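S.K.: Next one to model:
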Amino acid sequence: MVSGSVRAGGARPFAGTGILVRLALRRDRVMVPVWIAVIALVVLSMPGSLQSLYGTPAARAQLMHQMAANTSLRAMVGPVFADSLGALTAWRVGVYAGALAAVMSLLVVVRHTRDEEESGRQEMVSSGMVGRRAPLTAALVTAAGANAVLVVLIAAGLAAWGGAGAVAFALGVGGVGLVFATMAAIVAQLTESARLARGLTSAVLGAAFVLRAAGDSASSDGSSVLTWLSPLGWLEDLRPFAGERWWVLALFAGAALAQGAVAYGLAGRRDLGMSFLPTRPGPAAGRLGTAGALAWRLQRGGVLGWGLGFFVAGVVYGGVATGAADLVRGSDQAREIFERMGGRSGLTNALLAALIGMLGLVAALYIVQSVLRLNGEESTGRAEPVLAGAVGRLRWAAGHLVIAFGGAALLMLLTGLGFAAGYGGDTGPLVAACLLQLPAIWVIGGIAVLLYGVLPRGAGAAWGVAGAVLLLGWIGPALKAPQPLLDLSPFTHLPKLPGGTVHWPPVLLLTGIAAALVAAGLAGLRRRDVAG
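M.R.: Alright, predicted model coming up:
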């Protein structure tokens, strides 16, 4: 069987690619459509929202003038190049749509390369007539296909505001996705752990965001060298709906092709399951002598990375709060949206509450990822040796859940400290406002625990729940969604702080619901079979 694989890999390095692509699409039949739908809806909902906020040429011209003078807001969302609704859409969501496409792409590539090798499935597949480069090719084709669908949806949805601009913006978003797909392909060859591959590629994405933010704060026209060093900056400087610079697309194509070539070169120079940066084996005693210590060892990188990101986000959002409040003060529609999101206790307080709520929604993604680490450990067979010893299922699961739920608390604490550092003033109210997001975050985590414990094959649906809640919280108020629909999100029932009054019954009720969901999930885990 091995010799067959060698012959296939030598004579036909891409043999079996089509079959692996179909397998990848089948495995991602839920995750990828959810990602595409969320990104597309975030983009396509924006023109209508902006129309209600800046419906006249005078209002849009005033916005451009204010953005040119507001360095902190440029760092957050980038510069404005024209006052049409299409250009404002590209300005408002371009950076974030590109970042979301990058995250989707890196997750797909790592899932179908390093994840497969780490679990041992790739070794079994490669024992057949599968070419040496077929798995990497299948992963990149899957990621490229997901980005292609996203490009078509965005271009078609924005065509009414300008066909050329819609195509340029859509290609820019897809281009960012492809750049980070090929970047993930390189990192997957360098590392022996899928978790580390995702973490390192996400760190590159974070660095790209920081470079773009620094460049945009220094220049109002995107001409800074720092902006040009970031693929997210390329998306801005493509200038959709504002005199498109089509040649910028060559930067995306060149980066993707160059990184793809490097990834293929590395893939041909290593053995299956190995890496150029092998993981250092750790001791099985001492600090790793308990299930909780092992869980911390496995998840500490993610916790620290998320924590740093949330602290930095708190500093940035806290720093721009006053400027953003001044920007929307003259718009009744903008004021109304922020008051729906953050309460009616003053515009600055409403804006702070809205920004804190947005980061709380993102923290729900962290807790789902952390809880589903249990599913990953079980499906890859790594949980079986642990449970074969003197470790019960509940004790094993508790180690990971402490990291998930306690890590969420750490994230929101760091967010509050970041807001206090960026905004100034009294630290207590801002930290309290961030920590009061926890009951809703824990409810999402409880749903993930319930799905994993009762229906492990459907545990991935927790991502759909978190994505739906994120979508409701981000664009629901702007689209004036019906209140019964907004009430489906646990975040809707939280107190609007700072500035508002704390009503404890909904906070306690959400905490109780989260505890009940976790208990039900653990009861299901205790009664069902564990995958071997």
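S.K.: CA only for contacts and neighbour counts going forward, please
M.R.: Fine.
S.K.: so where's the stretch 251-400 of the chain uncertain?
M.R.: 271-289, 321-347 (pLDDT under 70).
S.K.: In this model residue 241 seems to touch residue 84, though I could be wrong.
M.R.: Yes - at 7.5 Å, residue 84 counts as touching residue 241 under the criterion of Cα atoms under 8 Å.
S.K.: neighbour-wise, which of these two wins?
M.R.: Neighbour totals were compared for residue 84 and residue 241, and residue 241 leads with 26 against 19 (other Cα atoms under 10 Å).
S.K.: Not counting sequence-adjacent ones, nearest residue to that one?
M.R.: Leaving aside its chain neighbours, residue 241 sits nearest to residue 165 (4.2 Å; criterion: Cα to Cα, 6 or more residues apart in numbering).
S.K.: ok, the one you found - contacts?
M.R.: The contact partners of residue 165, by Cα atoms under 8 Å, 6 or more residues apart in numbering, come to 86, 159, 240, 241, 242, 244.
S.K.: just so I have it, where are all the strands in the chain?
M.R.: Using DSSP state E, the chain contains no strands.
S.K.: which helix in it runs the most residues?
M.R.: Determined from DSSP state H, the single longest helix within the chain is helix 291-328.
S.K.: what's that helix packed up against?
M.R.: Packing partners of helix 291-328 (3 or more Cα pairs under 8 Å, 6 or more residues apart in numbering; DSSP states H and E): helix 71-77, helix 194-218, helix 347-371, helix 393-423.
S.K.: run the last query once more with 10 Å
M.R.: Packed against helix 291-328 by the contact rule (3 or more Cα pairs under 10 Å, 6 or more residues apart in numbering; DSSP states H and E) you find helix 57-69, helix 71-77, helix 194-218, helix 332-342, helix 347-371, helix 373-379, helix 383-388, helix 393-423.
S.K.: so how far is residue 88 from the nearest residue to residue 54 once chain neighbours are set aside?
M.R.: Leaving out its chain neighbours, the residue that sits closest to residue 54 by Cα to Cα, 6+ apart is residue 60, at 5.6 Å. From residue 60 across to residue 88, the span is 9 Å (Cα to Cα, to the nearest Å).
S.K.: Now do the contacts for the closest residue to residue 377 other than its chain neighbours.
M.R.: What sits nearest to residue 377 in space, not counting adjacent residues and going by Cα to Cα, 6+ apart, is residue 383, at 5.3 Å. If a contact means Cα atoms under 10 Å, 6 or more residues apart in numbering, then residue 383 has 374, 375, 376, 377, 393, 396, 397, 530, 531, 532 as its contacts.
S.K.: and what of residue 422?
M.R.: 311, 312, 313, 314, 315, 316, 317, 318, 319, 320, 321, 416.
S.K.: Also residue 267?
M.R.: Per Cα under 10 Å, 6+ apart, neighbours of residue 267: 132, 133, 135, 136, 185, 186, 188, 189, 190, 261, 275.
S.K.: would you turn those residues into CSV with neighbour count and distance to residue 453?
M.R.: Converted to CSV, the contacts of residue 267 look like this (neighbours: other Cα atoms under 10 Å; distance: Cα to Cα, whole Å):
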residue, neighbour count, distance to residue 453
132, 26, 37
133, 20, 37
135, 31, 31
136, 27, 32
185, 32, 32
186, 24, 35
188, 33, 30
189, 29, 33
190, 21, 34
261, 15, 42
275, 20, 33
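S.K.: which among those residues gets closest to residue 433?
M.R.: Each of those was checked against residue 433 using Cα to Cα; the closest is residue 188, at 38.8 Å.
S.K.: my read: the closest one touches residue 260, true?
M.R.: No - Residue 188 lies out of contact with residue 260 (Cα atoms under 10 Å); the separation is 11.9 Å.
S.K.: Can you check which residues contact both of these two?
M.R.: 136, 182, 266.
S.K.: Let me have the residues you listed in CSV, adding distance to residue 222 as columns.
M.R.: Listed next are these as CSV, based on distance: Cα to Cα, whole Å:
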residue, distance to residue 222
136, 35
182, 25
266, 35
